[in-house]
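> Predicted model and sequence follow; I will ask about them next.
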Amino acid sequence: MTPVDNNSAAFVAGYIPTDVNGDGMIDTGDMPIIDNNSADYVTAAFPASTNTLPTVNTAMVTNITTTTGICGGNVTSEGSSMVSARGVCWSNSPNPLATGNHTTDGNGTGSFISNLFGLIPGTLYYVRAYATNGAGTAYGNNIEFFTSLFTPGNGVTDIDGNIYTSVNLGSQEWMSENLIVTHYRNGEIIPNITDNSWNNFPSGAYCAV
């Protein structure tokens, strides 16, 4: 009662909370409504906002290389309006935002695939999916992953059937482990030196300690 009475006495006009009948004036026309509701113990109830964000989940990161990866997500609900943009965003800190590094992968609900690019080898990244509608941008869960330090090569097999892994360094492919072959390419046996004659041996040989 008191705010209505004070505003009425001050000739306050315009639609403000004490103008309970909405006529643009705070006057005695508002007083009976307040009085009756007070006697009935009526309280104010405000409707919930109709602007709701989308719901989106982040997919696991796969096909990780030194500078790229494949991720994506799934928009399970558009919220209060159509999803106009979706994709993933990433950074070196948790909770990346779509205002930074991000992809744009269509709109609406459903699953989508995103290609990460421009990454740094051997680095920890955080990625999460996002979806934007008229109410704003919603984000999925954080996924952590490390980029590879190097790109695996095709490997090589020696004449004895031993398989060696390899790595690509720039434009060259290097073996990533030592030879254990015991024959030359033509099938001849490589001598095995087991004593101190190694330094004076007249041909190629190997020593297994």
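Looks like it arrived, so ask away. Numbers count the residues shown, from 1 in each chain.

> measure the closest residue to residue 94 other than its chain neighbours to residue 142 for me?
Leaving aside its chain neighbours, residue 94 sits nearest to residue 126 (5.0 Å; criterion: CB to CB, 6 or more residues apart in numbering). C-beta: built from backbone N, CA, C; applies to glycine. Here the criterion is CB to CB, to the nearest Å. By it, residue 126 lies 5 Å from residue 142.

> what touches both of those two?
In terms of CB atoms under 8 Å, 6 or more residues apart in numbering, residue 126 and residue 142 are both contacted by the residues 94-95.

> Show me where this protein has its helices.
With DSSP state H as the definition, the chain shows helices at residue ranges 2-9, 31-39.

> Not counting its own residues, what contacts stretch 172-180?
Residues external to stretch 172-180 that are found in contact with it (CB under 8 Å, 6+ apart): 153-154, 156, 158, 160, 162, 164-168.

> so which of the residues you listed comes closest to residue 116?
Distance ranking of the contacts of stretch 172-180 against residue 116, using CB to CB, places residue 168 first at 19.5 Å.

> count of residues packed around the closest residue to the closest one other than its chain neighbours?
Spatially, and ignoring its direct neighbours in sequence, residue 168 is nearest to residue 151 (4.4 Å; CB to CB, 6+ apart). Residue 151 sits with 13 neighbouring residues when counted by other CB atoms under 10 Å.

> Identify the residues contacting residue 151.
So, once contact is read as CB under 8 Å, 6+ apart, residue 151 ends up touching 65-66, 167-168.
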